[in-house]
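J.: how would this look folded up:
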Amino acid sequence: MMTTELKKRAAGEKEHTKSESLTEFLIEAIVEGGMAPGSKISEPELAKRFQVSRGPLREALMRVEGLGLIERIPHVGARVIQFSTEKLLELYAVREALEGMAARLAARNITEIELAGLETLLSTHSAHIDQVDGASYFHQQGDFDFHYRIIKASRNTQLVSLLCDELYHLLRMYRYQSPRAHSRPIEALEEHKFILQAIRDRDEELAEMLMRRHISGSRRLIEKQIQNEAQD
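T.: Sure, this is the predicted structure:
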C-alpha cells in the first residue's frame with residue numbers, strides 16, 4: 001500500500017509533468033501565432049481548457065514568461081509579447097555578437113560526428129528548399145536548425161543558455177510570423193555552407209566573421225523592409 005509520502009511525491013511528479021506539457025504547448029502556440037501577439041492571458045480560461053489546477057498552469061506560465069514570450073504589464077496583466085522594431089533589432093544585434101562567438105568556439109570544439117551531421121542537414125535543406133519555397137528551412141527547430149547546432153557545438157554553457165533557451169523561441173516566433181519578404185532562403189543556405197566550411201577548417205576567426213556577416217545581412221534586410229513599409 002502506498003504511503004502518504006509516496007502519494008505526495010507521485011502527485012507532485014504528475015503536476016510537474018503537466019506543467020512541462022503545458023509549457024511546451026504554450027511555447028508552440030505563441031511561436032506559431034495560435035495565441036496572437038498582444039492577446040491577454042486568462043488563467044481561468046486556460047485552466048478550464050486544459051483541465052488543470054492553477055499550480056501547474058502558473059508554473060508553466062512563469063517558464064514561458066522567463067523565455068520572454070509573455071510580459072506582465074501593470075494594471076493590465078499578462079499578455080503575449082508583441083514584436084516592435086526596436087525589440088527585433090536588439091535581438092539581431094545580440095545574435096550577431098553571441099552567435100559569432102559561438103561559431104568561433106564551434107570551430108575549436110566541434111566533433112567530426114557533429115560536422116558530418118551539419119553537412120547532412122544542409123544537404124537536406126538544399127534538396128527541399130525549392131519544393132517548399134524556403135518555409136521548412138526557416139521553420140526548423142532544435143537539432144534541425146543549423147544555428148542551434150552551431151551554438152551547441154560551441155561547448156559554452158552560458159552561450160547555450162542565452163541563445164538556445166532565452167532567445168531561441170523569440171527568434172522562432174519572428175520567423176513564423178514575419179512577412180516572407182524578410183526571408184532569403186537561398187542566400188542564407190549558401191552562407192551557411194561557407195560558415196560550415198570555415199568551422200570544418202578550424203578557422204576560428206573566419207567562422208566568427210562569416211556568422212556575424214550572415215546575421216548582419218538578415219538584420220539589414222529587416223531594416224530595409226521596415227523603411228519601405230514606412231514609406232508606403
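
J.: how far off centre is the helix or strand hosting Met101?
T.: According to DSSP states H and E, Met101 maps onto helix 85-109. In terms of C-alpha atoms, centre = their mean, to the nearest Å, the centre of helix 85-109 is set 13 Å apart from its chain centre.

J.: wouldn't Leu22 be in contact with Pro56 here?
T.: Yes - Leu22 is within contact range of Pro56, at 6.2 Å (criterion: C-beta atoms under 8 Å). In short, each C-beta sits where N, CA and C put it, glycine included.

J.: just give the number of residues close to Ser161.
T.: By the criterion of other C-beta atoms under 10 Å, Ser161 has 12 neighbours.

J.: ok, back up a step: which parts of the helix holding Met101 are buried?
T.: Of the residues in helix 85-109, 88, 91-92, 95-96, 98-107 count as buried by neighbour count, 16 or more other C-beta atoms under 10 Å.

J.: that one packs against which elements?
T.: helix 146-153, helix 157-160, helix 168-177, helix 185-200, helix 204-231 (3 or more C-beta pairs under 8 Å, 6 or more residues apart in numbering; DSSP states H and E).

J.: mean neighbour count, these: which tops it?
T.: Comparing those by mean neighbour count (mean count of other C-beta atoms under 10 Å), helix 146-153 ranks first with a mean of 22.

J.: output the contacting helices and strands for that one.
T.: helix 85-109, helix 112-128, helix 157-160, helix 185-200.

J.: what angle separates it from helix 85-109?
T.: Counting by axes from the mean of the first three to the mean of the last three C-alpha atoms, to 10 degrees, helix 146-153 lies at 50 degrees to helix 85-109.

J.: and helix 146-153, how far out from the chain middle?
T.: Counting by C-alpha atoms, centre = their mean, helix 146-153 comes out at 12 Å from the chain centroid.

J.: how about the CA coordinates for it, as PDB?
T.: Output in PDB follows, covering the C-alpha atoms of helix 146-153 (Å, rounded to 0.1, in the frame of the first residue of the first chain):
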ATOM      1  CA  PHE A 146      21.700  25.000 -38.400                       C
ATOM      2  CA  HIS A 147      22.300  27.800 -35.900                       C
ATOM      3  CA  TYR A 148      21.100  25.800 -33.000                       C
ATOM      4  CA  ARG A 149      23.600  23.000 -33.700                       C
ATOM      5  CA  ILE A 150      26.500  25.500 -34.100                       C
ATOM      6  CA  ILE A 151      25.600  27.000 -30.700                       C
ATOM      7  CA  LYS A 152      25.500  23.600 -29.100                       C
ATOM      8  CA  ALA A 153      28.900  22.700 -30.700                       C
END
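
J.: need the residue closest to the centroid of the chain.
T.: Centroid check for the chain by C-alpha atoms, centre = their mean gives Tyr168 as the closest residue, at 2.4 Å.

J.: show me the contacts for that one.
T.: With contact set as C-beta atoms under 8 Å, 6 or more residues apart in numbering, Tyr168 has these partners: Tyr148.

J.: and what of Lys18?
T.: By C-beta under 8 Å, 6+ apart, the contact set of Lys18 is Val52, Pro56.

J.: tell me which element it falls in.
T.: For Lys18, the element it lies in under DSSP H and E is helix 4-31.
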